[in-house]
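K.L.:
Provided below for reference: sequence and predicted model.
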Amino acid sequence: MDEEELQDDLRLFPVSSISSKLHQEKPEWNFSSWDSFLFPCGADSREWEYFSGNCYYFSLARLSWERAREQCRERRADLAAVGSFAEQQFLMSRARNERFWIGLTDRNSEGDWEWVDGTDYKSSFTFWQEGEPNDSGNNEDCAHLWISGKWNDVRCTFECFFVCERPLPQKSPFSH
C-alpha cells in the first residue's frame with residue numbers, strides 16, 4: 001500500500017469514527033465474566049468450592065450440628081446432602097481426615113434417617129462406617145464424615161467442622 005492509498009483509506013475511515021465504533025462494541029469478556037468463570041460460586045464467595053453443579057463451603061470452626069446448620073442457612077445454603085460416590089470422594093478429599101457435619105439426621109424418629117434437602121434416604125447413596133449408625137448410648141442422631149471419610153452417627157451437640165452446600169448461582173457460565 002502506497003502513501004496515496006493510505007490517505008484515501010484514512011479519509012474513508014476517520015480515526016474518530018473508528019474510535020467511536022469501538023466504544024459502541026461490547027466486548028464478549030469483561031472482568032466480571034472472567035470472575036464468574038474463575039469463581040463459578042461467585043466472585044464475592046471465593047471461600048466456596050465448585051463441584052458438579054453445586055457450591056460447597058468447608059468451615060474452619062467447630063460447632064454443634066444445629067449451630068452448623070444455622071451457619072449454612074445464614075450463607076443461603078444447608079448442610080451437604082451427599083448424593084453420589086463422586087460427591088462423597090470430593091467431600092472426603094477436602095475434609096482431609098477431619099470430622100465434618102453433613103445434612104443427615106434421625107432426630108425426628110430414631111432409625112429413620114432424613115436428608116435436610118428432602119432427598120429420600122431409603123433410595124439414596126449411603127457411605128456408613130461398618131457398624132454405623134449404631135445410636136451408641138441412645139443419643140446419636142446426627143451424621144458426620146468420620147476421620148476415614150465414612151459416615152458416623154454421633155450426638156448432635158458434638159462439635160466438629162461442617163460442610164454447606166448450595167446450588168450454583170444462575171449467573172455462572174457453568175449454569176445450565
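P.N.:
Now that the structure is in, tell me what you want to look at.
K.L.:
Okay, strands next: where are they in this protein?
P.N.:
48-51, 54-58, 78-79, 100-105, 114-115, 142-145, 151-154, 161-167 (DSSP state E).
K.L.:
Which one of those lies nearest to residue 68?
P.N.:
Set against residue 68 and scored by Cβ to Cβ, those come closest in strand 161-167, at 3.5 Å. C-betas here are computed from N, CA, C, even on glycine.
K.L.:
Sketch out the low-pLDDT regions of the chain for me.
P.N.:
1-38, 43-44, 170-176 (pLDDT under 70).
K.L.:
now do 80
P.N.:
Applying pLDDT under 80 to the chain flags the ranges 1-40, 42-46, 169-176.
K.L.:
Geometric centre of it: which residue is closest?
P.N.:
residue 55 (1.3 Å; Cα atoms, centre = their mean).
K.L.:
these two touch, right, residue 139 and residue 155?
P.N.:
Yes - with contact defined as Cβ atoms under 8 Å, residue 139 reaches residue 155; the gap is 4.9 Å.
K.L.:
Looking at these two now, which is surrounded by more residues?
P.N.:
Counted by other Cβ atoms under 10 Å, residue 139 and residue 155 do not tie: residue 155 has more neighbours, with 15 against 12.
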